[in-house]
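In: How does the following fold in three dimensions:
(chains A and B)
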Number of protein chains: 2
Amino acid sequence: MAIALDTFFLKPDATGSLQAQVQELVAEGILSGRFKQGEKLPSSRKLAQHLGVSRITVTLAFTELVANDYLSSRGRSGYFVSDSAPVPPAYTPRPTRGPVKDWGQAIARDFTGGDTPRRPQNWREYQYTFIYGQADPSLFDHTNWRQCALRALGARDFAALANDQYDNDDPLLVEYIARHSLPRRGVIARPEEILITMGAQNALWLTAQVLLSSGRKATVEDPTYYTLRDQLMRTGCDLNMVPIDQDGLPPDRISANTDVIFVTPSHHSPTTVNMPHGRRQALLERAEQIDAVVVEDDYEFEMSFLRAPAPALKSLDSEGRVIYVGSFSKSLFPGLRLGYLVGPEPFIRQARALRASVLRHPPGHIQRTVAYFLSLGHYDAQIRRIAQVLHDRRTELDAAIATNGLTIAGGGLYGGSALWMQAPEQVDMAQVAADLLPKSVLIEPGAPFFAPENRRHNFYRIGYSSIESNRIGPGMALLAEVLNQRAQQ
Amino acid sequence: MAIALDTFFLKPDATGSLQAQVQELVAEGILSGRFKQGEKLPSSRKLAQHLGVSRITVTLAFTELVANDYLSSRGRSGYFVSDSAPVPPAYTPRPTRGPVKDWGQAIARDFTGGDTPRRPQNWREYQYTFIYGQADPSLFDHTNWRQCALRALGARDFAALANDQYDNDDPLLVEYIARHSLPRRGVIARPEEILITMGAQNALWLTAQVLLSSGRKATVEDPTYYTLRDQLMRTGCDLNMVPIDQDGLPPDRISANTDVIFVTPSHHSPTTVNMPHGRRQALLERAEQIDAVVVEDDYEFEMSFLRAPAPALKSLDSEGRVIYVGSFSKSLFPGLRLGYLVGPEPFIRQARALRASVLRHPPGHIQRTVAYFLSLGHYDAQIRRIAQVLHDRRTELDAAIATNGLTIAGGGLYGGSALWMQAPEQVDMAQVAADLLPKSVLIEPGAPFFAPENRRHNFYRIGYSSIESNRIGPGMALLAEVLNQRAQQ
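Out: Take a look at the predicted model:
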C-alpha cells in the first residue's frame, strides 16, 4: 500500500532545517508504526510540491533515510519503507505532551461504574462457555443471511440503505413486526405505535429517558437485569427494587406513588419465572389503580421449546398503559443491535424524537436485511432449528445437574437459553467463577443482578446458547468439583 | 405465505360460542389487513389443537367463513384467504379501546419540538433537489461495497458480526482511523483515544452529555447546525450563541466562564467559512486562558477539491483539550450512521460508558465492512470520484448563480457540497422554498440555523451533492424567478 501524500504536514512550530524536518516526518511515521515495512513513499516531486519545499530538500532527506536503513530505494519504482526498518509491532504514537487539561474537572457527569460485569474478550477460546446471550455460529443461517444482505445492498434498495431517514424506520420491517411478530404475542399495533431501536437495551434506555426524571418513581424487579437497573438509577428517579416471589413481581408490593413499573412477565430475567395469568391481571389492575405505566421486556419469547408461550402482558392491555420491548438480538445475533418499542402514539412520538436527537435512526441496511430475512421465512426456520438444539442441550444440562447434585433455582417453564442456579448459602459464586477460569470454564455469578443493598452471592446463571452438547457434561462436572470444594471451606 | 399458527389466540374475556370466536379471529385478521388474499390458513386439526377446542368447532367456523367468501377451500390443500375477501390495502387494526392512560402526564421529559426542519419523504422524486447531506447513488461504488460487505459476512468474521462486543469497537476500523484517516488531518491518536459512534450527530450528543449539565456553560457558533443547538439546549446548560465573522468564531467573544466551545473551524456549518491559522491559534489560546474544552466537528474535510485542506484544529492541540468529531456519513452515505470521536482517554472512557448504556456498540457488521472498504483503498478512490463530480457541479452552479444574479454569502475555500446564499433583506426564504415545491425545486431556508432570538430569514443553503449537473442551471433559474417575485412584493 502506498502512503498517502496528504498525511504529511510540516509542523508550524518545528525547528531545524527543512531537510531535517522532512527526515523527521518520515522517521516518526516509521518509529510510531504508522508506516509499515514495504509501504511506498510518495515521489520526491509530489512530496516537495505538497509540502512547499524544493525537490532537492526531499531527495536529500530520502537519501539520508536510506543511509540509516529507514528507507530502501528501488530505482525508478521509488522509495519504500525498508524491510529492516525499526517498525514496532503496533501503532504506538508517542504522546506529544501529556494532557495538561484537568479532565476530572471537565467531566460534568460520570457514566462509568455500574454493575455490568466484564467477560474475557477471548471467551470463545474457552472450552466450557456457560455464558448467556451470545450467538452460536453453528446455528446461524449464514447462507440466507448473506442472500438477504446482498439483496438489501442492491441498487433497488439504495435509498433504504443510503438515505438519511431523519426519524423514520424501514416501512417493510415495521409492517412485518406489526403483521407477524406482534400477533404471535397477541399484540395488535399500528405502524405509528412501533419504533425500531438499537436493540432491547436501547429501547429500555429510551423509555427510561422519556418517562423518568428526578421527580418520578420507578419500580423494578429484584433481582433484575443489571444494565436496566444502572439505566434507571442514572435518570435520577426514585427507584424501588421489589423482590419477586415464585409468581414474579407481587403487585401489592408496588407502592402507590409509582409512575413506571419495569417487568419481565413471560420469562423473568434472570430467574426465568413465568408470571401466571391471574398475577398478570392483578398487575394491570394495580397499575390502573395507581395510574402507572407498565414496561414489558418480552425478551427471548421465541425460545419456547418446552411449551407454547403465553401471550404477552401487552395483549391484555385495554387501556394503552403497557409499553412493549421486543428484540432480534437474542434470536438472530446480539451484534445486530436491533429491537423495537411498541406503545401508544404520544409515547412513541417522544421516543422517536429522542432517538432522532441521539443517533437519528438505526442503519437502513440492517433494517432492510432483517425485513427480508423475516419475510422470506428464514427467521422462523432458524428459530425452529435453534429451539431444537437448545432443547437437546437443556436435556443434557438437566442430566448433568442431576448427576452432579447441583440445584436449579429457576428453570424456565417454556424453555429459554439459561438456568438460574443456587449454591449452598456460604458459597460465593464470584470466587467459584474465578477458580473456574484456569480450568477453561466460564459461568456467570448472580450477585450483580441483585439490588446493591440486598446482594446474594450464592446464585449463578448457566447459559447454554454458546456451548455444544457434548461439552455440557464435562463442564458441569468441573463446576461441581470447584463448588463443592468452596462449600466445604 | 402460510399464516403462522401461533398468531391465533382466543381472547380470555371473549363472549359467544367457541365457533363464533374462531370465526371472529379469522375475520378480524382479514378485515384488519393482517392476512392477505391467497394466504394459507393452518389446518383445522392444528388450529383446534393449538386453541384447545374441538376440530369440528374449527371446521364449522371455516365452513361459515367460506360461505361468507372470507375463505376459499382448495380440497386437500386446505383453506386460503379468498381472492375476493374484503382485505384493506394496508394493515389497519382497529384500536381495541382508545388509550385511557393520560400520556401527557406520564411523559416526564419532552423531546419533540426543536428546530430540525422536515423534508418531503419523497424528495428523490423532485426534479431539482438542492438539498444537503444525502447520498448520490450514481457516485457510490456499489460493487466494491458489496464485496466488502460480503467479506465481512463471511464465516471468518462471524465473531465481529455477531458477538455482543460489550463496549468495544472493531479493532480493524479503529486502527485504520488512527493510522490513515487522522494523519490526513495532522492528528496523532492512540486507539484508546478513539471511539466509534453512530455518526457525527451521535458523537456530538455523547460529548454534550459527558461535558454539560445544568451548571455548565457552552459556547456555540451562530448560525450553527440546528440539531447540535437542540442537543445542547436539552442538556440544561447555559448556552451562549456567538455570531461568527468572516474568519469564523471570534475568540474574544467567548466569555470567561465557558466550559465547552463547539466549533467547525475547517468548514463552518452552514456558511462554509474557513478559520485561518492565526484565528485557530488565538482560539486555542483563549481556551487555555479560560480552561475550556474545544469540540471540533471536522465534517466534510474529504470534499476539498479546490485546494488541499488545512490540518484540523486538533493537530495544534498540545494540551489535550480538543475533542475531534469525524464522520463517514457524508463521504460514504448518511444511512450508514458511522462516525468517531477522538479525545483524551478520561473523556473517551466516559463517552464509551455512556454509549454502552445507551446502545452498547454500533453494529459489528457495519464497522467491519467500512474497515475493509477503507483498507482496500475503495474509499479513497470513491472520494476522488465524488470530489471530481462535485467540482464539475460547483462550476455549473457558479455559472448559474452569475447568470441569474444571485448572491453567494459563503462559498467554501476548499470545496464542499453546498453554498450559503443570501437573498435581499426583505425576502423570507421559507416562503420562497414553499413557492418552489410545486415547481419540483427543493432548497433549504437558512432561518433554522440562526439562534432563535437572532433569526434571519433571507439566507438559504444550496446543496449540490444530490443533483445532476444538467439540472443545476434550470433549477437555479426557477429559484431566481420565484426569489425575484418575492423581492418585488
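In: all contacts plus neighbour counts: C-alpha atoms, from now on.
Out: Fine.
In: Near chain B, which residues of the stretch 301-450 of chain A? Just list them.
Out: Applying Cα under 8 Å from any Cα of the partner chain, we find that the stretch 301-450 of chain A lies next to chain B at A:311, A:318-321, A:333-337, A:344, A:346-347, A:349-351, A:353-354, A:357-365.
In: again, 7 Å this time
Out: Along the stretch 301-450 of chain A, the residues adjacent to chain B under the rule Cα under 7 Å from any Cα of the partner chain are A:318-321, A:333-337, A:344, A:346-347, A:350, A:353-354, A:357-359, A:363-364.
In: same question, the stretch 151-300 of chain A
Out: Listed as neighbours of chain B in the stretch 151-300 of chain A under the rule Cα under 7 Å from any Cα: A:153, A:158, A:161-165, A:179, A:183-184, A:186, A:188-190, A:198, A:201-202, A:205, A:210-213, A:231.
In: Return the distance of A:Ala418 relative to A:Ser82.
Out: Distance check for A:Ala418 against A:Ser82: by Cα to Cα, to the nearest Å, it reads 54 Å.
In: typo on my end, it should be A:Ser466
Out: Applying Cα to Cα, the value for A:Ser466 to A:Ser82 is 45 Å.
In: now A:Ala402
Out: For A:Ala402, the distance to A:Ser82 (Cα to Cα) stands at 64 Å.
In: For these two, indicate the residue with more neighbours.
Out: Comparing A:Ala402 with A:Ser82 by neighbour count (other Cα atoms under 10 Å in any protein chain shown), the higher total belongs to A:Ser82, at 22 against 11.
In: Might you report the residue contacts of that one?
Out: A:Ser82 sits next to A:37-38, A:69-72 when contact means Cα atoms under 7 Å, 6 or more residues apart in numbering or on different chains.
In: Enumerate every residue touching the nearest residue to it once chain neighbours are set aside.
Out: In space, not counting the residues next to it along the chain, A:Ser82 is nearest to A:Leu71; the distance is 4.4 Å by Cα to Cα, 6 or more residues apart in numbering or on different chains. Contacts for A:Leu71 (Cα under 7 Å, 6+ apart) come out as A:65, A:79-82.
In: In what element of secondary structure is the nearest residue to A:Asp317 once chain neighbours are set aside found?
Out: Once flanking residues are discounted, A:Asp317 sits nearest to A:Leu284: 7.5 Å by Cα to Cα, 6+ apart. When secondary structure is defined using DSSP states H and E, the element that contains A:Leu284 is helix A:277-290.
In: How many neighbouring residues does A:Asp13 have?
Out: The burial count assigned to A:Asp13 is 6, neighbours taken as other Cα under 10 Å.
In: coming back round to it: inside helices: which ones of the residues of the stretch 151-300 of chain A next to chain B?
Out: Taking DSSP state H, the ones among those that sit in helices are A:158, A:161-162, A:183-184, A:201-202, A:205, A:210-211, A:231.
In: In strands only, show me the contacts of A:Ser82.
Out: Secondary structure assignment (DSSP state E) places A:71-72 from the contacts of A:Ser82 within strands.
In: With distance to B:Pro445 and pLDDT as extra columns, can I get the contacts of A:Ser82 in JSON lines?
Out: What follows is those, written out as JSON lines (distance: Cα to Cα, whole Å; pLDDT from 0 to 100):
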{"residue": "A:Gln37", "distance to B:Pro445": "52", "pLDDT": "91"}
{"residue": "A:Gly38", "distance to B:Pro445": "52", "pLDDT": "92"}
{"residue": "A:Asp69", "distance to B:Pro445": "59", "pLDDT": "91"}
{"residue": "A:Tyr70", "distance to B:Pro445": "55", "pLDDT": "92"}
{"residue": "A:Leu71", "distance to B:Pro445": "54", "pLDDT": "94"}
{"residue": "A:Ser72", "distance to B:Pro445": "56", "pLDDT": "94"}
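In: distance between the longest helix anywhere in chain A and the chain's centre?
Out: In terms of residue count, the longest helix belonging to chain A (DSSP H) is helix A:378-403. Taking the mean C-alpha point of helix A:378-403 and that of its whole chain, the gap between them comes to 23 Å (Cα atoms, centre = their mean, to the nearest Å).
In: Over to stretch A:26-42?
Out: On Cα atoms, centre = their mean, the centre of stretch A:26-42 falls 36 Å from that of its chain.
In: Stretch A:296-313 now?
Out: With Cα atoms, centre = their mean as the basis, stretch A:296-313 stands 21 Å off its chain's centre.
In: So for that stretch, what gets flagged as buried?
Out: When burial is assessed from 16 or more other Cα atoms under 10 Å in any protein chain shown, stretch A:296-313 yields the following buried residues: A:296-305, A:309-313.
In: Same check on stretch A:280-291?
Out: Buried residues in stretch A:280-291, counting neighbours by 16+ other Cα under 10 Å, are found at A:280, A:283-284, A:286-288, A:291.
In: Just checking the distance from that stretch to the centre of its chain.
Out: 32 Å.
In: Can you tell me what sits against that stretch?
Out: Residues outside stretch A:280-291 that contact it (Cα under 7 Å, 6+ apart): A:251, A:256-257, A:293, A:313.
In: ok, A:Pro93 to B:His180 distance?
Out: From A:Pro93 over to B:His180 the distance is 13 Å, taken as Cα to Cα.
In: whoops, I mixed them up, A:Phe35
Out: The spacing between A:Phe35 and B:His180, counted by Cα to Cα, is 9 Å.
In: which of those two has more neighbours?
Out: In terms of neighbours (other Cα under 10 Å), A:Phe35 is the more surrounded of A:Phe35 and B:His180; the figures are 25 against 20.
In: Tally up the residues packed near the closest residue to that one other than its chain neighbours, please.
Out: Using Cα to Cα, 6+ apart and skipping residues adjacent in sequence, the residue nearest A:Phe35 is A:Gly29, 5.5 Å away. Neighbouring residues of A:Gly29 were enumerated by other Cα under 10 Å; the total is 20.
In: Where does the prediction get shaky in chain A?
Out: Residues of chain A meeting the criterion pLDDT under 70: A:95-99.
In: Which segments of it make up each domain?
Out: A:5-81, A:123-137+A:381-487, A:141-375 (automatic domain parsing).
In: Return the distance of the residue nearest to A:Ser82 relative to chain B.
Out: Distance check for A:Leu71 against chain B: by Cα to the nearest Cα, to the nearest Å, it reads 19 Å.
In: related to what we said a few turns ago, can you pick out the most distant pair from the contacts of stretch A:280-291?
Out: Between all members of the contacts of stretch A:280-291, the longest pairwise span (Cα to Cα) is found for A:Asn257 and A:Leu313 and amounts to 21.7 Å.
In: SS state for A:Met421?
Out: Judged by DSSP: H, G, I helix; E, B strand; the rest coil, the three-state class of A:Met421 is strand.
In: With that, I have no additional questions.
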